[in-house]
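Asks: next come a sequence and a model predicted from it.
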Amino acid sequence: MTGSSLAEKTCTPCRGGVPPLTPAEAEGYHLQAPDWSLMDGATRIERRFRFKDFLEAFAFVSRAAALAETEAHHPDISFGWGYAVVSLRTKKIKGLHENDFIMAAKLDRIADGTGAAGQEA
Ligand SMILES: C[C@H](O)[C@H](O)[C@H]1CNC2=NC(N)=NC(=O)C2=N1
């Protein structure tokens, strides 16, 4: 049975009172976003994207910002010449939620579309 892929889903409103994913649950989602790394005891995911120059990196960050506003789910991003490092966690629950993996899958598609030079996790 083919469930809809993460990139086709949309983030649910960030409500408190929802438990964060367990490490095992996070591992399950991680299989669908293998280029990301589980960090800080599986409470955060991170990926470094490479781009050909500063403007390519900035274009990615700008599109990521628009996506975050659309999804009402916001990453932390640092970027510079030729790279952007994206970190995702659900601040309201101080851990990971499906929303973080949905955003990861959507950001992967944006990076592919901006001609990213290639990625390293
Ligand atoms: C009201 C607003 O939707 C919430 O504060 C959202 C905004 N974006 C968010 N982004 C992330 N990463 N975690 C949150 O808990 C979160 N909460």
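Replies: Ah, there it is. Numbering: from 1, shown residues only.
Asks: what is the helix or strand containing Gly28 packed up against?
Replies: Gly28 belongs to helix 23-30 when assigned by DSSP states H and E. With contacts taken as 3 or more Cβ pairs under 8 Å, 6 or more residues apart in numbering; DSSP states H and E, helix 23-30 sits against strand 37-39, helix 98-113. (C-beta placed from N, C-alpha, C; glycine too.)
Asks: what parts of this protein come near the ligand?
Replies: Contacts of the chain with the ligand, taken as Cβ under 6 Å from any ligand atom, map to 14, 72-74, 90-92.
Asks: if any of those residues are buried, put those into a PyMOL selection.
Replies: Those of the residues of the chain next to the ligand that count as buried under 16 or more other Cβ atoms under 10 Å are selected in PyMOL with:
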select buried, resi 14+73+74+90
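Asks: which residues of the chain score low on pLDDT?
Replies: Applying pLDDT under 70 to the chain flags the ranges 1-4, 114-121.
Asks: please enumerate the strands of it.
Replies: 37-39, 44-50, 76-80, 83-88, 118-120 (DSSP state E).
Asks: in PDB, could you pull the C-alpha coordinates for stretch 43-51?
Replies: Below are the C-alpha coordinates for stretch 43-51, written out as PDB (Å, rounded to 0.1, in the frame of the first residue of the first chain):
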ATOM      1  CA  THR A  43      15.400  15.400  19.200                       C
ATOM      2  CA  ARG A  44      16.500  17.200  16.100                       C
ATOM      3  CA  ILE A  45      17.400  16.500  12.400                       C
ATOM      4  CA  GLU A  46      20.000  18.400  10.400                       C
ATOM      5  CA  ARG A  47      21.300  18.400   6.800                       C
ATOM      6  CA  ARG A  48      24.100  20.300   5.100                       C
ATOM      7  CA  PHE A  49      23.200  21.300   1.500                       C
ATOM      8  CA  ARG A  50      25.900  22.400  -0.900                       C
ATOM      9  CA  PHE A  51      25.400  25.000  -3.700                       C
END
